[in-house]
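Asks: Return atomic coordinates for the entry below.
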Amino acid sequence: MEELKEYFNIAVRNIRTRSLRSFLTILGIVIGVFLIISLLSLSEGLKATINQQLQAMGGEMIMVMPGSDDDFFSAMMFGGANLQREDLEAIKKAQGVDKVLGFSYTGAIARYKEEAKQIAIAGYDPWKESLDILSIFQGWSLSSGRWPSKGNEILIGSQVATEIFSKEVKAGSEITIKGRKFVVAGILNSLGSKQDDSMVYMDMNVYQDITGEKRGTAAYALVKLKSGVDENTVAENIEDALRETRKRRSGTDEADFSVITSEKMGQIAGNILGVIQMVIIAFASIAIIVGGIGITNSMFTSVRERTKEIGIMKAIGAKNSAILLIFLFEAGIVGLVGGIGGTLFGFLLAKGIEMYGQAHPIFYFSASVTPGLIIFGLVFSFIIGCVSGVLPARTAARLKPVDALRRHE
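Replies: Below you'll find the predicted structure:
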């Protein structure tokens, strides 16, 4: 034990002696571990947020939209063809369906106190039932005001109230959208994303009046299921009903629509995040490999510089195993210190982005820096350091005392 402690002290002293080189070598490991900790913690936090949102839906809500599953996220972002009146009626008649909420959204110019801004507006149908259902399943709640009761009354997100206009919008205020005046009946608490919090919500009939969208249609549909039914079975019923409707309308039953259950949504999100995490690990691994090569190069340089020292140690009785352990300790310490630095900076960046996101909510999520991730970063960096130091350490251990001393005569 005393011998190991002495080997460790020698390794630390050697690192301190070559402080600049050691710092640059450590920096390579810091960058790799920093990428792993920060990016994986952010992606895990994003996954946890998505799962939380899906759990809020539970197994009682299904989304129906035009287009295939592959186009789901692009359709949500950029929109597409609408569900027609007969599509919505077919969904309502599918076995296991309790309520169907049609909704659409687009951009519009809004004016508040002589200030005009581009905002997003959304229409829901039926309006009052939508408010009741969204309050239960999506957690809609009011920070001030009341729920709308008339066609010219709207709800606004928390960002619309405090961020979009230079003056705060309060309940009871009047906003003009596309030339039509609306009264802000209530202001919603944060819904979990900047997109939702920057939205103005209104009755679908009014929405279609001011946007010119065809009456009775909707961009998407939220389906509330009857109590006790299986969501996958109901999803199949909806698909069958829509195929039959499409066949009557166009003569083909091609499935140009998607029925998204909470389970399927989780799979889609999980697959996308899985690919993102694989890319993150690949880039971080490249950085760590480069750092490991730096350790190997630094250790070989150290062996050449300390050939005489190694020769003297072996001449006075140091075994090959002792020389090997000293250099392995040195490489392992470099890797571990790099891991500690990378973990610390990665943690700080992830938490900094989390705090910024909560203050300026592009998307509300937590950075999931787990003990397991921290331990992985430290152990992995230590192992990389040791592995990178094996070849230089073996080279040093195999030096013969006479040859080592002769090189520096």
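Asks: Low-confidence stretches in the stretch 201-350 of the chain?
Replies: 250-255 (pLDDT under 70).
Asks: Show me the strands in it, by range?
Replies: Here the stretch 201-350 of the chain has its strands, by DSSP state E, counting those that start in this stretch, at 220-225, 257-260.
Asks: Kindly export the longest one (C-alpha atoms) in PDB.
Replies: Presented in PDB, the C-alpha positions along strand 220-225 are these (Å, rounded to 0.1, in the frame of the first residue of the first chain):
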ATOM      1  CA  TYR A 220     -56.000  18.700 -36.500                       C
ATOM      2  CA  ALA A 221     -58.400  16.900 -34.200                       C
ATOM      3  CA  LEU A 222     -58.000  16.000 -30.500                       C
ATOM      4  CA  VAL A 223     -60.200  13.000 -29.700                       C
ATOM      5  CA  LYS A 224     -61.300  12.300 -26.100                       C
ATOM      6  CA  LEU A 225     -62.000   8.600 -25.500                       C
END
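Asks: Sheet partners, orientation included, of it?
Replies: Partners of strand 220-225 in the sheet, by DSSP bridges, are strand 61-66 (antiparallel), strand 97-112 (antiparallel).
Asks: can I assume residue 101 is in contact with residue 129?
Replies: Yes. With contacts counted by C-beta atoms under 8 Å, residue 101 reaches residue 129, the gap being 7.1 Å. The way it works is simple: take the backbone N, C-alpha and C, and place the C-beta from them, glycine included.
Asks: Looking at those two, which one has more neighbours?
Replies: The neighbour comparison of residue 101 against residue 129 (other C-beta atoms under 10 Å) goes to residue 101, with 23 against 14.
Asks: hang on, the earlier thing: out of the strands paired with strand 220-225, which is closest to residue 145?
Replies: strand 97-112 (15.3 Å; C-beta to C-beta).
Asks: which parts of that closest one are buried?
Replies: 97, 99-105, 108, 110-112 (16 or more other C-beta atoms under 10 Å).
Asks: Tell me the buried residues in the following helix or strand past it?
Replies: The C-terminal neighbour of strand 97-112 among helices and strands, as given by DSSP states H and E, is strand 115-125. By 16+ other C-beta under 10 Å, the buried positions in strand 115-125 come out as 119-125.
Asks: how far away is residue 277 from residue 40?
Replies: In this view, residue 277 and residue 40 are 6 Å apart by C-beta to C-beta, to the nearest Å.
Asks: More neighbours: which of those two?
Replies: Ranked by neighbour count (other C-beta under 10 Å), residue 277 and residue 40 place residue 40 first, with 24 against 15.
Asks: any idea how the protein splits into domains?
Replies: 2-53+266-407, 60-260 (automatic domain parsing).
Asks: Pull the distance from the shortest one to the chain's centre.
Replies: Going back to what we said before, that points to domain 2-53+266-407. 25 Å (C-alpha atoms, centre = their mean, to the nearest Å).
Asks: Surely residue 119 touches residue 160?
Replies: Yes. With contacts counted by C-beta under 8 Å, residue 119 reaches residue 160, the gap being 6.5 Å.
Asks: overlap in contacts of the two?
Replies: Common contacts of residue 119 and residue 160, defined by C-beta atoms under 8 Å, 6 or more residues apart in numbering, comprise 198-200.
Asks: With pLDDT and secondary structure added, can I get these in JSON lines?
Replies: Formatted as JSON lines, those follow (pLDDT from 0 to 100; DSSP: H, G, I helix; E, B strand; the rest coil):
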{"residue": "198", "pLDDT": "88", "secondary structure": "coil"}
{"residue": "199", "pLDDT": "92", "secondary structure": "strand"}
{"residue": "200", "pLDDT": "95", "secondary structure": "strand"}
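Asks: What separation is there between residue 238 and residue 103?
Replies: From residue 238 to residue 103 the distance is 16 Å (C-beta to C-beta).
Asks: Could you pull out the helices in the stretch 1-150 of the chain for me?
Replies: Applying DSSP state H, counting those that start in this stretch to the stretch 1-150 of the chain gives helices spanning 2-17, 19-57, 72-78, 85-93, 127-137.
Asks: just the stretch 251-400 of the chain next, same as before
Replies: Along the stretch 251-400 of the chain, counting by DSSP H, counting those that start in this stretch, helices occupy 262-305, 307-315, 320-359, 371-397.
Asks: Can you list the neighbours in contact with whichever strand or helix holds residue 181?
Replies: Using DSSP H and E, residue 181 falls within strand 180-188. By C-beta under 8 Å, 6+ apart, the residues outside strand 180-188 that reach it are 140-150, 152-158, 160-161, 169-176, 197, 200-202, 206, 209-210.
Asks: From these, list just the buried residues.
Replies: For the contacts of strand 180-188, buried by 16+ other C-beta under 10 Å: 140, 145, 148, 153-158, 160-161, 169, 171, 173, 175, 197, 200-202, 206, 209-210.
Asks: These in helices, which ones?
Replies: 158, 197, 206, 209-210 (DSSP state H).
Asks: Out of those, which comes closest to residue 302?
Replies: residue 197 (56.3 Å).
Asks: so what's the closest one scoring on pLDDT?
Replies: Reading off the confidence values, residue 197 has pLDDT 87.
Asks: so what's it up against?
Replies: By C-beta under 8 Å, 6+ apart, the residues touching residue 197 are 157-160, 188, 190-191, 361.
Asks: how close does it get to residue 143?
Replies: 11 Å.
Asks: Spit out the residues that contact those two alike.
Replies: By C-beta under 8 Å, 6+ apart, the residues touching both residue 197 and residue 143 are 158, 188.
Asks: so what's residue 151 up against?
Replies: 203, 205-206.
Asks: could those go into JSON lines alongside distance to residue 306?
Replies: Formatted as JSON lines, these follow (distance: C-beta to C-beta, whole Å):
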{"residue": "203", "distance to residue 306": "80"}
{"residue": "205", "distance to residue 306": "83"}
{"residue": "206", "distance to residue 306": "81"}
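Asks: Name the residue closest to the centre of the chain, please.
Replies: residue 46 (3.3 Å; C-alpha atoms, centre = their mean).
Asks: thinking again about what came up before, mind giving me JSON lines with the strands of the stretch 201-350 of the chain and columns for mean neighbour count and distance to residue 21?
Replies: Below are the strands of the stretch 201-350 of the chain laid out as JSON lines (neighbours: other C-beta atoms under 10 Å; distance: least, C-beta to C-beta, whole Å):
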{"stretch": "strand 220-225", "mean neighbour count": "21", "distance to residue 21": "60"}
{"stretch": "strand 257-260", "mean neighbour count": "22", "distance to residue 21": "56"}
